[in-house]
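>>> Fold the following, please.
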Amino acid sequence: MAKENGQIDKKGDVWTTVYIDGGWSKRSYGHNYNAASGVGVIIGQFTKQLLYIGVRNKYCCVCARYANRQEMPKQHVCYKNWDVLSPAMESDIIVEGFRQSMEMHNLK
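Residues are numbered from 1 along each chain as shown. Below is the predicted model:
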């Protein structure tokens, strides 16, 4: 749709306007930003289609269970992918989405 609307830059790359949003698994207001999970999305303004979704998790229940037993966890699908402060989750996801937009959707 962006190409048909003439949204092409000087290099020939197609671009579009998007909405971005993010959230955490825990409500925070003014302090105590320590959510265990965060999500970010990029949605096309005109198509209203989901262009990207990313999730960051600071916690894995399997890893935590084995850590409590002071044992090494067995091989498992670990969803823990974040060790930095919680407020940085959303922006990291959105930046990742923009970096992957050319590869995923051929959009800038």
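>>> what's the spacing between the helix or strand that contains Arg65 and its chain's center?
Per DSSP states H and E, Arg65 falls inside helix 61-68. How far helix 61-68 lies from its chain's middle: 24 Å, per CA atoms, centre = their mean, to the nearest Å.
>>> chain center to the helix or strand following it, what's the gap?
With elements assigned by DSSP H and E, the helix or strand that comes after helix 61-68 is helix 88-105. Its chain's C-alpha centre and that of helix 88-105 lie 7 Å apart, by CA atoms, centre = their mean.
>>> which other helices and strands contact helix 88-105?
Under the contact criterion of 3 or more CB pairs under 8 Å, 6 or more residues apart in numbering; DSSP states H and E, helix 88-105 touches strand 18-24, strand 37-44, strand 50-57. All C-beta spots, glycine's among them, are computed from the backbone N, C-alpha and C.
>>> rewinding a little: and the contacts of the helix holding Arg65?
When contacts are defined by CB atoms under 8 Å, 6 or more residues apart in numbering, helix 61-68 is touched by residues Met72, Pro73, Lys74, His76, Cys78, Lys80.
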